[in-house]
Structures are given as C-alpha cells and as structure tokens.
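Novice: What shape does this take:
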Amino acid sequence: MKKKLDSVVRPTYNILISTSFSHFLNDMMQSLILAVYPMLKSNFDLNFAQVGMITLAYQLTASMLQPLVGIYTDKHPKPFSLVFGMTCTLAGILLLAWAPSYPFLLLAAMTVGMGSSIFHPEAARVARIASGGRFGLAQSIFQVGGNSGAAIGPLLAAWIVIPHHLKSVSWFSPMAFLAMIVLLQVSFWYRGRISHFQKSQHETPKDEHYSRRKIILTVIILLVLVFSKNFYLSSLNTFYMFYLIQKFHIDTQHAQYMLFLFLASFALGTLIGGPLGDRIGRKRIIWFSIVGVAPFTLILPHINSLFWTGILTILIGLILASAFPAILVFAQELIPGKFGMMSGLFYGFSFGMGGLGAAVLGNVADAFSINTVYEICSFLPLLGMFAVFLPNIKTNIRKAPK
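Specialist: You can find the predicted model right below:
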C-alpha cells in the first residue's frame, strides 16, 4: 500500500496556479463584454435580440473552432499557442473599446471568441499534465480562475467602465500582456512534457475501454446535460441585469453587483465540484449539480423580493457550477488519446449553447418579456435526469510526469 501511494505524483501547483491565473485574466477581460451590455444597448440603440447576437457571435466562434483546435493539437501540440490565444483576446478587447458601430461590436466579440478557442483546449491539457492524477482537482483549479475572472468583470465595469465610458475598456489591455508573460513560462514547462503525456494517454487498462456504441451514447447524454446547464446559464449571464433593472427598478451599477454575486458563487461551486468528483465519483456530482438546482430555478421567476432573488441565484450558481469539471473529466476519460478533441468538443459545445441561448432568449424577451425567459428556462435543469444513464467510470489516481 505504501509503495502504491509513493508512486503517485503530487499536482504541480505552481503550473496549475499560473494557468488558473491566466484563465482569470482572460475571462475577466472577456466578461467585460457581458458587463457592459446595458451601456452597449443604450449607446448603439440595440434591442434584446441584437444584444443576444453579440453573445452568439462570441460563443459561436469559440464553439466552432475549439473542437478543431483540439483535434489538431492532439496530433500536433502547440505549447506557445496559449500566448497567441491571449493575443486574440487583447485584439478583441481593444476593438470593443473603439468600435464605431454594431458590426464592429460583433467583430470584436468574434475575435475574443477566437482567443478562447485557442486558449482553452491547450490550457486544459496543461492542467491535466500538472494534475498528478487528481484530474477533477486540476480542472477545478483551472476553471475557478476563469469563473473568478468572469465574476470580477462586472465589478470592474461598475467601478471603471460605467463612470469613464466604453473606451475605458482599453485600460485593461496591460492585463493581457501580463497573462502572455505568465503563459510564456507555462509554455516552456509544457513543451518538455508533451511526449510523456501523449504516451500515458494510451496506457489505459483494458477493463476501462468502452464500446463505440456506449461512448457515443454517453457523449450524447453529456452534451444534453451541457445544453441544459449552459442554456440556463446564458439567461443569467446575458439578461440577469436587465431582469433586475426591470423587475426591481435598480440602477445598472446595483445590477452589476448582483451579477458579481452570482458569478462569484459560480466560481466557488466550480472549485468545490472537481475535488468532490475525485472523492465520491463524477456521476454523483453531475447528477446532483444539474437536477439539484431545479427547485431553485423553478421558484426564481415567482419571487418578488430582490434579497431572495439574490439568495436563489447564489444557490443556483453554487450548485450548477459544480457539474462542468466533472463532465469534462468524465468525457476526457472516455476516449484515451483524444484529450484535445474531447476538451475542444465540450468547451466548444458549452460556448455554442451559451451563444445560441442568448440569441434565442433575446428574441423571447423582445416578443414577450424578460420574466418569460426565466419561466421557460426554469425547466431546463430537469434534463439532468438523463445522468442516470451514464456509465460508472472509476476515478483512479494515475501517475503523472515528473
């Protein structure tokens, strides 16, 4: 027993933290797009459908490219593509700050989406290499950086962008340069461990292989769960501030603080979900996360108190966020040797469903009302019942490269 424990390599925390920090900066800049939606709607005289199209442009670009990036980097890993991805994010942020018209807003969103599509698959691979076999923990550390950055974005928008107008978004460009410096160091570390990682991905025990039919069925179920999670999440990311402003007559800054509370709870839920999945099994976490949030989503549209609306959305964020690290690792372990493809597929599908949700729900809000959006979306978590059909994948601690 002692020999077995000694053979387990501990996570490389400095690399995990560096990757998470870069993810924090990346998603913080990206979340500024969501956080300034009320300003964009006013400045460019947009309707809700056009606001939703901005999210669609960003997330559809990311969703289409990420699986392709993942498939390519499975065969041809590109450690320094992490830096290039951050460069695209920087270009998108600068374009957003100086956009003269609505088409340029869409172009800015697409450029930021391109940055995400390049950054996420390779950064997720780095997190797995540095995991020491604790895959859920590693993905949670990586994801919590992004979710924390997304949570901070609305606060920065309230403190900096709203008082100083849209062009002040460009003041965040030094953050991108800082992320590039950090990622350059990560890229050198990653380059020296690629061959060992690729070899280890094909060393899965025979009893852990699944039939083609079972893999396809499992992937479909996981995608259904991602759909329910991200379509609902899109309603909060894109329209939550408008919902609060219309229903409770609060100002934009107050609404941004409320969005921060939701996104902060989402970040905390991500941090909890991965390690818990390593300990008690990913299937249980997936089941609890998506089905367990349903009572709160069903109640939310009928609450007429700002305080209790905030409490409910915090609970929704905590529970809903715990699913994605477990879903991602579950998918990665289905097909050994196709890590980039599976990461790209699920990151891409996640972004795509978020973008599609924003576009569809924007039209619903224009045709009916913002409250109708949440009445419809409240039933989506019930799709989590499909998790009962997932296979039971063992959560083994595997040896990682030194």
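Novice: How far off centre is the lengthiest helix in the chain?
Specialist: In the chain, taking DSSP state H as the definition, the longest helix is helix 212-248. Offset of helix 212-248 from its chain centre (C-alpha atoms, centre = their mean, to the nearest Å): 11 Å.
Novice: Same check on stretch 247-258?
Specialist: 24 Å.
Novice: Next, the buried residues of that stretch.
Specialist: By neighbour count on 16 or more other C-beta atoms under 10 Å, the buried set for stretch 247-258 is 247, 250, 252-258. (C-beta placed from N, C-alpha, C; glycine too.)
Novice: Closest one of the residues you listed to N304?
Specialist: K247 (7.9 Å; C-beta to C-beta).
Novice: Return the per-residue confidence for the spatially closest residue to the closest one that is not a sequence neighbour.
Specialist: In this structure, K247 finds its nearest non-sequential neighbour in N371, 6.9 Å apart by C-beta to C-beta, 6 or more residues apart in numbering. N371 carries a pLDDT value of 91.
Novice: Not counting its neighbours along the chain, what's nearest R10?
Specialist: In space, R10 is closest to G132, 4.7 Å off (C-beta to C-beta, 6+ apart).
Novice: Against K338, how distant is the one you found?
Specialist: 22 Å (C-beta to C-beta, to the nearest Å).
Novice: go on, F307?
Specialist: For F307, the distance to K338 - C-beta to C-beta - is 47 Å.
Novice: repeat for H196
Specialist: Distance from H196 to K338, by C-beta to C-beta: 17 Å.
Novice: out of the two, which sits in the busier spot?
Specialist: Neighbour count, other C-beta atoms under 10 Å: between H196 and K338, K338 has more, with 17 against 13.
Novice: The more buried one: what's it in contact with?
Specialist: D74 (C-beta atoms under 8 Å, 6 or more residues apart in numbering).
Novice: just for the stretch 1-150 of the chain, where's the confidence low?
Specialist: Low-confidence segments of the stretch 1-150 of the chain (pLDDT under 70): 1-9.
Novice: can you pull the pLDDT of F330?
Specialist: 83.
Novice: Can you classify it as helix, strand or coil?
Specialist: Secondary structure for F330, judged by DSSP: H, G, I helix; E, B strand; the rest coil, is helix.
Novice: S148 reaches N26, doesn't it?
Specialist: No - applying C-beta atoms under 8 Å as the test, S148 and N26 come out as separate, 11.3 Å apart.
Novice: So for the two, which residue has more residues nearby?
Specialist: N26 (29 against 23).
Novice: before we move on, which element is the more buried one in?
Specialist: helix 13-35 (DSSP states H and E).
Novice: ok, residues contacting whichever strand or helix holds L40?
Specialist: According to DSSP H and E, L40 maps onto helix 37-43. By C-beta under 8 Å, 6+ apart, the residues outside helix 37-43 that reach it are 46-47, 51, 54, 105, 161-162, 166, 238, 241-242, 245, 252, 255.
Novice: what about 6 Å?
Specialist: 51, 252 (C-beta atoms under 6 Å, 6 or more residues apart in numbering).
Novice: and the helix or strand just after that helix with helix 13-35, angle?
Specialist: Following helix 37-43 in sequence order, the next helix or strand is helix 48-75 (DSSP H and E). Counting by axes from the mean of the first three to the mean of the last three C-alpha atoms, to 10 degrees, helix 48-75 lies at 160 degrees to helix 13-35.
Novice: what packs against helix 48-75?
Specialist: Helices and strands touching helix 48-75, as assessed by 3 or more C-beta pairs under 6 Å, 6 or more residues apart in numbering; DSSP states H and E, comprise helix 102-129, helix 339-367.
Novice: what angle sits between that helix and helix 102-129?
Specialist: Using the same axes, to 10 degrees: helix 48-75 against helix 102-129 is 40 degrees.
Novice: Which of the residues in helix 48-75 are classified as buried?
Specialist: 48-63, 65-67, 69-74.
Novice: One more: stretch 371-383?
Specialist: In stretch 371-383, residues buried by neighbour count (16+ other C-beta under 10 Å) are 373-374, 376-378, 380-381, 383.
Novice: picking that back up, quick one: mark the members of the buried residues of stretch 247-258 that sit in strands.
Specialist: Of those, none are assigned to strands by DSSP state E.
Novice: could you dump those residues to a markdown table with pLDDT and distance to G292?
Specialist: Below are the buried residues of stretch 247-258 laid out as a markdown table (pLDDT from 0 to 100; distance: C-beta to C-beta, whole Å):
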| residue | pLDDT | distance to G292 |
| --- | --- | --- |
| K247 | 92 | 25 |
| I250 | 92 | 29 |
| T252 | 84 | 32 |
| Q253 | 83 | 32 |
| H254 | 90 | 29 |
| A255 | 90 | 27 |
| Q256 | 83 | 28 |
| Y257 | 88 | 26 |
| M258 | 92 | 22 |
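Novice: Out of those, which is nearest to L276?
Specialist: M258 (27.0 Å).
Novice: P301 versus the closest one, what's the distance?
Specialist: 16 Å.
Novice: Counting neighbours, what do you get for the spatially closest residue to L178 that is not a sequence neighbour?
Specialist: Distances taken as C-beta to C-beta, 6+ apart put L25 closest to L178, at 6.5 Å, once the chain neighbours are dropped. For L25, the neighbour count with other C-beta under 10 Å is 25.
Novice: do T111 as well
Specialist: 21.
Novice: what's the answer for S101, then?
Specialist: Using other C-beta under 10 Å, S101 has 9 other residues around it.
Novice: what separates the closest residue to it other than its chain neighbours from Q246, distance-wise?
Specialist: What sits nearest to S101 in space, not counting adjacent residues and going by C-beta to C-beta, 6+ apart, is F44, at 7.4 Å. Note on F44: its distance to Q246, by C-beta to C-beta, is 19 Å.
Novice: circling back: going by contacts, tell me the helices and strands next to the longest helix of the chain.
Specialist: Using 3+ C-beta pairs under 6 Å, 6+ apart, helix 212-248 sits against helix 252-280, helix 323-332, helix 339-367, helix 370-377.
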